[in-house]
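Colleague: sequence first, predicted coordinates after that:
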Amino acid sequence: MNKPYVYITRTLPEEIVEPFRETFTVKMWGSKEQPVDREVLLEEAGKADALITMLSDQVDEELLSKGENVKVIANLAVGFDNIDIKAAEKKGVTITNTPDVLTETTADLTFGLLMATARRLMEANEYVQNGDWKNWAPLLMAGHDIHHKTIGIVGMGRIGEAVAHRAKGFHMNILYHNRSRKQDAEEKLGAVYASLDELVTQADFVVCLAPLTPETKGMFNKEIFKKMKSSAIFVNASRGDNANEEDLYEALVEGEIAAAGLDVFENEPISEDHPLLSLQQVVALPHIGSASVETRKAMMNLCLENVQLVLNEKEPKTKVTS
Ligand code: 8YV
């Protein structure tokens, strides 16, 4: 009997894929950096029993109808805003994601980005590297305190809570805004629920960790930035589309907020002439929230396990439903 055919839209390390080659035939897009050509993906979907996709792949009605035999699509991310879940459900295609395995790593990066922005670490590093450090001055590269300040977490899911744990270690006051109340975070971490307006007016650090949905798209706009403290630092490690980039740029230029730490952008990857990169008070990262070797390997493994389970007519570990 022919082994099931699994198409992966990037090249994954052979050590991860190899154990699964016994169960399925695996083909991978030949680039570690470039997204798969849409035409190739559509053609491969027509032959595949399963797909492993990345955030940069649009899983829409067109792809789903080409993939007549596709039973499962495993997305290498916790987010799945690149996938039309309802259309997949209609076609009976199982969609899986990679929650849990990336929670702590993404929280580490988010907190690191917050710290790098508040304490101007990138700017200070560049200053030393450029040979500009000739003297000591009382306010040389002085940033803002983090400890005992107020953090406002928008999107208190798994990663939000893991960031709150880190914030507690820094003796911060924790506000959060979420679709539902989080009793555990309130009881164990002293997190206080706030409306978005209350949160943005009170927080020294506004950290966005909300998934991208029609409700969250553009939620950080002109009006919201205006309500923030002029000393506030905005950190986004969720999806670029949750913030209106033009409004963010204006808020930074006008001094309505002090700085921004961004791991995500509206259109990724961004080029070096992106307006936000012209601002010294912006720390920009190339969407590396979950990018530790250990975590990325765990995510890849989880995708392959989910594919294997579904192809064996078992429940996947981490199924996404609408
Ligand atoms: C992805 C992410 O790992 O999981 C998510 O939703 O945004 C990242 O952790 C990365 O973008 C690869 O798809």
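Modeller: Yep, it's here.
Colleague: which parts of the stretch 101-250 of the chain sit against the ligand?
Modeller: With C-beta under 6 Å from any ligand atom as the criterion, the stretch 101-250 of the chain comes near the ligand at residues Leu102. From N, CA and C alone the C-beta is placed, and that goes for glycine too.
Colleague: where does the stretch 101-250 of the chain get nearest to the ligand, which residue?
Modeller: Residue of the stretch 101-250 of the chain nearest the ligand, by C-beta to the nearest ligand atom: Leu102 (5.5 Å).
Colleague: from Ile151, how far out is that residue?
Modeller: As defined by C-beta to C-beta, to the nearest Å, Leu102 lies at a distance of 21 Å from Ile151.
Colleague: what does Ile270 give?
Modeller: Ile270 is 26 Å from Ile151, by C-beta to C-beta.
Colleague: these two: which is more packed in?
Modeller: Ile151 (27 against 19; other C-beta atoms under 10 Å).
Colleague: can you give the distance of the helix or strand encompassing that one from its chain's centre?
Modeller: Secondary structure assignment for Ile151, by DSSP states H and E: strand 150-154. Relative to its chain's centre, strand 150-154 lies at 17 Å (C-alpha atoms, centre = their mean, to the nearest Å).
Colleague: next one: stretch 174-189
Modeller: With C-alpha atoms, centre = their mean as the basis, stretch 174-189 stands 20 Å off its chain's centre.
Colleague: quick one, longest helix in the protein?
Modeller: Ordering each helix of the chain by length in residues (DSSP state H) puts helix 293-311 first.
Colleague: for it, name the packing helices and strands.
Modeller: Helix 293-311 sits against helix 14-17, strand 50-53, strand 72-75, strand 94-96, with contacts defined as 3 or more C-beta pairs under 8 Å, 6 or more residues apart in numbering; DSSP states H and E.
Colleague: could I get the ones you listed as CSV with mean neighbour count?
Modeller: Converted to CSV, the helices and strands packed on helix 293-311 look like this (neighbours: other C-beta atoms under 10 Å):
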stretch, mean neighbour count
helix 14-17, 14
strand 50-53, 26
strand 72-75, 27
strand 94-96, 23
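Colleague: ok, which of the ones you listed comes nearest Leu199?
Modeller: Nearest of these to Leu199, taken as C-beta to C-beta: strand 72-75 at 29.6 Å.
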